[in-house]
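K.L.:
Structure of the sequence below:
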Amino acid sequence: MVAVAIIVIGIGVYSVLSGPHLPAAAGWSSPVKICDYPTSGAWRDVAIDIDSAGTVHTVFVNGNDNSLYYSYSSDGVSWSVPRKISGSLGNATSPCIAIDSSDFCRVVFSSEGSLRYLVGREDSWTSPTEQVPTNSNAYRNPSLDVDSDGLCHIVSATDQTPNQEIYYIKGVPGNWASTRFLGTGAGTDYSGYTSVAVDRNGTAHIVYSLQVDSVTKIFYEKRLPSGWQGDRQEQVSDDSTNYTCPWIDLDDFDRPRVVFSGGGDHGLNNLYYNYKDNSWLSSPQKLTETQGNSPYLRVDGSGTCHISYNSYGPTGHEIRYLSGHAGSWSNEVSITSDGKGAYASAIALDSNSNCHLIYHTVDGPYYARQI
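P.N.:
Numbering: from 1, shown residues only. Okay, the predicted model is just below:
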């Protein structure tokens with residue numbers, strides 16, 4: 001366990017918001033607005049995790065000042081007033097949050113052409129944010145997980161021009177390991193999306209999208225605590241179409257499960273799934289016949305996959321949810337159907353394997369949970 005020094009940057013008294021409630025989907029609580037803001041489209045880029053006591057921690061970007069904010073709730077109804085945690089840094093995007101074994105929040109986000117890191121919870125956060133020393137300005141689409149020793153595992157991509165590169169780094173502030181180059185491909189709207197999950201032995205399981213031979217494909221690699229071994233790269237998708245936005249998680253046997261989008265024009269993709277017990281399926285399973293973009297995946301203790309994603313329904317952009325594995329999947333559930341325009345989402349699982357979900361709309365970030 002790593003001891004983390006927390007520098008308090010001003011302790012304020014939190015009031016709480018109990019925002020507007022929307023109609024509930026079957027099996028889900030009514031979505032609650034985490035915070036209000038008067039300008040349309042003010043909040044975006046959301047992330048969520050849950051600590052051992054069941055407190056929900058969220059981070060999201062304010063589109064007006066392009067800063068990163070944090071809010072937490074012990075019951076999912078009353079939320080702390082959003083706290084700015086990115087300091088004077090601007091242009092914050094793509095935040096990730098992971099709770100460590102001491103129940104501190106580790107946060108990584110992109111800002112001003114670099115990758116930034118901070119740690120804290122509730123009223124206490126480190127300041128200033130530290131720049132993660134990735135190679136070639138690999139700050140795009142970061143993904144984060146934390147192992148049982150408190151070490152961060154981060155994977156991210158460089159910008160798209162002229163070629164896109166994927167990098168991995170492991171460590172903590174003041175003790176970052178050398179960055180590892182994973183692969184390169186042509187930069188497109190589909191490529192350069194990354195995700196990482198760390199198993200109980202400290203092995204990092206990584207997926208990313210890269211365009212190779214004019215097709216954007218999903219690749220998988222793993223990094224053992226002892227280092228990289230053998231022929232690392234495995235292809236998760238097939239070559240039939242472009243695939244993008246992979247997300248990875250592990251079952252209780254540390255076997256990788258991956259969800260991703262593909263098969264249509266950008267923004268009009270279907271949802272696909274692949275998994276590896278002994279080997280990957282030669283062709284991924286198609287989960288939706290409607291749109292399935294920007295998926296997010298968590299796997300519970302029974303091996304069930306929980307997936308949230310963006311889709312376009314009768315009332316506009318929606319957040320939908322389904323669960324299952326292999327050949328057995330639930331019907332899609334629309335968490336949002338109010339016409340507000342729901343976009344990116346993220347999910348976390350509590351100790352009872354119930355899903356907690358955050359998403360953003362044109363008028364703020366919302367939260368819902370399974371009941």
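K.L.:
so Ile97 is in which element?
P.N.:
Using DSSP states H and E, the element containing Ile97 is strand 93-99.
K.L.:
and that strand, how far out from the chain's middle?
P.N.:
7 Å (C-alpha atoms, centre = their mean, to the nearest Å).
K.L.:
Which SSE is immediately downstream of it?
P.N.:
Once the chain leaves strand 93-99, the next helix or strand it forms, by DSSP H and E, is strand 105-111.
K.L.:
So which residues of the stretch 1-150 of the chain form strands?
P.N.:
For the stretch 1-150 of the chain, applying DSSP state E, counting those that start in this stretch gives strands covering 16-17, 32-33, 43-50, 56-62, 67-73, 79-80, 83-84, 93-99, 105-111, 114-121, 124-125, 130-132, 140-146.
K.L.:
could I get those strands as a markdown table with distance to Glu318, mean neighbour count and mean pLDDT?
P.N.:
For glycine as for every other residue, the C-beta is placed from the backbone atoms N, C-alpha and C. Formatted as a markdown table, those follow (distance: least, C-beta to C-beta, whole Å; neighbours: other C-beta atoms under 10 Å; pLDDT from 0 to 100):
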| stretch | distance to Glu318 | mean neighbour count | mean pLDDT |
| --- | --- | --- | --- |
| strand 16-17 | 24 | 16 | 42 |
| strand 32-33 | 17 | 21 | 90 |
| strand 43-50 | 15 | 22 | 91 |
| strand 56-62 | 19 | 26 | 94 |
| strand 67-73 | 23 | 22 | 94 |
| strand 79-80 | 23 | 23 | 95 |
| strand 83-84 | 29 | 17 | 93 |
| strand 93-99 | 22 | 21 | 96 |
| strand 105-111 | 26 | 25 | 96 |
| strand 114-121 | 31 | 22 | 94 |
| strand 124-125 | 33 | 20 | 94 |
| strand 130-132 | 34 | 18 | 89 |
| strand 140-146 | 23 | 24 | 95 |
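K.L.:
show me the contacts for Thr203.
P.N.:
By C-beta atoms under 8 Å, 6 or more residues apart in numbering, Thr203 lies in contact with Lys222, Arg223, Leu224, Pro225, Asp254.
K.L.:
Spell out which residues make up each domain of this structure.
P.N.:
Domains of the chain are assigned by automatic domain parsing as 15-96+287-371, 133-286.
K.L.:
how far does the shortest one sit from the chain's center?
P.N.:
Spelled out, it's domain 133-286. Relative to the centre of its chain, domain 133-286 is centred 12 Å away, using C-alpha atoms, centre = their mean.
K.L.:
For the stretch 151-300 of the chain, which residues score under the pLDDT cut-off?
P.N.:
160-162, 229-231, 264-268 (pLDDT under 70).
K.L.:
what ranges do the helices span in it?
P.N.:
Counting by DSSP state H, counting those that start in this stretch, one finds no helices in the stretch 151-300 of the chain.
K.L.:
those strands in it, which residues are they?
P.N.:
For the stretch 151-300 of the chain, applying DSSP E, counting those that start in this stretch gives strands covering 152-157, 163-172, 175-176, 180-186, 194-198, 204-212, 215-223, 234-235, 243-250, 256-262, 270-275, 285-286, 293-299.
K.L.:
right, and the ones you listed - which one's nearest Tyr366?
P.N.:
strand 293-299 (14.7 Å; C-beta to C-beta).
K.L.:
list the helices and strands that closest one packs on?
P.N.:
strand 243-250, strand 256-262, strand 305-313, strand 345-349 (3 or more C-beta pairs under 8 Å, 6 or more residues apart in numbering; DSSP states H and E).
K.L.:
Redo the domains of the chain as a markdown table? Include distance to Ser114.
P.N.:
As requested, those are arranged in a markdown table below (distance: least, C-beta to C-beta, whole Å):
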| stretch | distance to Ser114 |
| --- | --- |
| domain 15-96+287-371 | 9 |
| domain 133-286 | 5 |
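K.L.:
Ok, which of the ones you listed comes nearest Gly113?
P.N.:
Per C-beta to C-beta, nearest to Gly113 of the domains of the chain: domain 133-286, 5.8 Å.
K.L.:
For the closest one, measure first residue to last.
P.N.:
One end of domain 133-286 to the other measures 38 Å (C-alpha to C-alpha, to the nearest Å).
K.L.:
Please apply the same query to stretch 152-163.
P.N.:
Per C-alpha to C-alpha, stretch 152-163 runs 26 Å from first to last residue.
K.L.:
residues of that stretch that come out buried?
P.N.:
Cys152, His153, Ile154, Val155, Ser156, Ala157, Thr158, Asp159 (16 or more other C-beta atoms under 10 Å).
K.L.:
so the first one sits right up against Pro142, yeah?
P.N.:
Same thing as Cys152. No - using C-beta atoms under 8 Å, Cys152 is not in contact with Pro142; the gap is 10.5 Å.
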